[in-house]
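S.K.: this one's sequence-less:
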């Protein structure tokens, strides 16, 4: 690094230290004035990231499903998603990939058009609806209870079997 760049960096840090509160207030005001623009930017960022990063899409899906499960059963989620899963999201990704059928990939995860072999979902081997206690809910959200399953099988055939 050149001496001029180091000096600029040093003076910037000094300025930020001296004016910390002013900077925080300016940022807060900016966020307030540009709320819609920032929300739209975040929305587009999330959509693009989900398209490009299967682990990010998996994280969002699993977190949402676990949170909804706890809310539906009127339990409070007192632990992180990783602790409930029993593994990291990378490990979950490899776990699911190890159980894939040949046609399954991250591009057809979550897709459904009513045909067999078009897309796949993450399925709970023992259904979440069978949980009565908070401990059972936690155990049923463990990664060993998750499997990839054809969307048609999961959405049509399994549901019609449970309603009979």
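M.R.: Received, thanks. Worth saying up front: this structure is predicted, and the values here are computed from it rather than measured. Residues are numbered from 1 along each chain as shown.
S.K.: Tell me the buried residues in stretch 137-152?
M.R.: Of the residues in stretch 137-152, 137-138, 140-141, 143, 145-152 count as buried by neighbour count, 16 or more other CB atoms under 10 Å. C-beta coordinates here come from the backbone N, C-alpha and C atoms, glycine included.
S.K.: Greatest separation within the residues you listed: which pair is it?
M.R.: Greatest spacing in those, by CB to CB: 138 and 152 (29.4 Å).
S.K.: can you list contacts of stretch 130-138?
M.R.: Residues outside stretch 130-138 that contact it (CB atoms under 8 Å, 6 or more residues apart in numbering) are 69-70, 73, 75, 79, 84, 128, 139-140.
S.K.: Residue ranges in the protein under the pLDDT threshold?
M.R.: The chain contains residues with pLDDT under 70 at 1-10, 159-164.
S.K.: so where do the strands sit in it?
M.R.: When assigned using DSSP state E, the strands of the chain occupy the ranges 120-124, 146-150.
S.K.: As JSON lines, these with distance to residue 100 would be great.
M.R.: Shown next, in JSON lines, are these (distance: least, CB to CB, whole Å):
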{"stretch": "strand 120-124", "distance to residue 100": "8"}
{"stretch": "strand 146-150", "distance to residue 100": "6"}
